[in-house]
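> Here's my sequence, what's the structure:
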Amino acid sequence: MPLLVYIVFFVYIFAVNFYGVLLLRFQKKARDADDPEKISDARLYLAAIMGGAAGIYIFMFVFKYRLKSFFPMVIMPVLTAINIYLIVLALRTGFGLAAV
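Residues are numbered from 1 along each chain as shown. Got it, this is the predicted structure:
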């Protein structure tokens, strides 16, 4: 597998995690300021499904935001485990379709 594929893959994972952290930060700022144009939770969960669950979960503790909400505190670790499994599977198979 060319090195470029691996580089693009890791840049994608970094970018999705960074996007999820920014969404979490802007959502916290909007909720603190009672801004009616706050970021919806659906965008946050979509970023987590796309591969950013680890970054979102870690920065929930850093920003001390939504730590008492049951759904994000249960869903984010589960999505993190699924994301890590799929990343390892993709790297082991060389981004092929068949699992080894």
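
> Around Ala54, how many other residues sit close by?
21 (other Cβ atoms under 10 Å). Using the backbone N, CA and C atoms, a C-beta is placed for each residue, glycine as well.

> contacting residues for it?
Residues near Ala54 by Cβ atoms under 8 Å, 6 or more residues apart in numbering: 17, 80, 83-84.

> which intervals of the chain have sub-threshold pLDDT?
Filtered on pLDDT under 70, the chain yields the residue ranges 1, 36, 97-100.

> Let's verify the most centrally placed residue in the chain: helix, strand, or coil?
Geometric centre of the chain, nearest residue: Gly52, 1.5 Å, by Cα atoms, centre = their mean. Following DSSP: H, G, I helix; E, B strand; the rest coil, we place Gly52 in the helix state.

> wait, isn't it in contact with Tyr19?
Yes: here Gly52 reaches Tyr19: they are 6.3 Å apart, a contact under Cβ atoms under 8 Å.

> returning to what we had before: redo the contacts of Ala54 as a markdown table? Include neighbour count, distance to Leu44 and secondary structure.
A markdown table is the format used below for the contacts of Ala54 (neighbours: other Cβ atoms under 10 Å; distance: Cβ to Cβ, whole Å; DSSP: H, G, I helix; E, B strand; the rest coil):
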| residue | neighbour count | distance to Leu44 | secondary structure |
| --- | --- | --- | --- |
| Asn17 | 22 | 12 | helix |
| Thr80 | 19 | 14 | helix |
| Asn83 | 20 | 14 | helix |
| Ile84 | 13 | 19 | helix |
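
> Please tabulate those in CSV and include distance to Lys29 as additional columns.
What follows is the contacts of Ala54, written out as CSV (distance: Cβ to Cβ, whole Å):
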residue, distance to Lys29
Asn17, 19
Thr80, 24
Asn83, 26
Ile84, 29
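
> of all these, which comes closest to Ala47?
Asn17 (8.4 Å; Cβ to Cβ).

> measure that closest one to Val11 for me?
Distance, Asn17 to Val11, using Cβ to Cβ, to the nearest Å: 11 Å.

> Now do the helices in the protein.
Residue ranges of the helices in the chain, as given by DSSP state H, are 3-32, 41-47, 53-62, 70-93.
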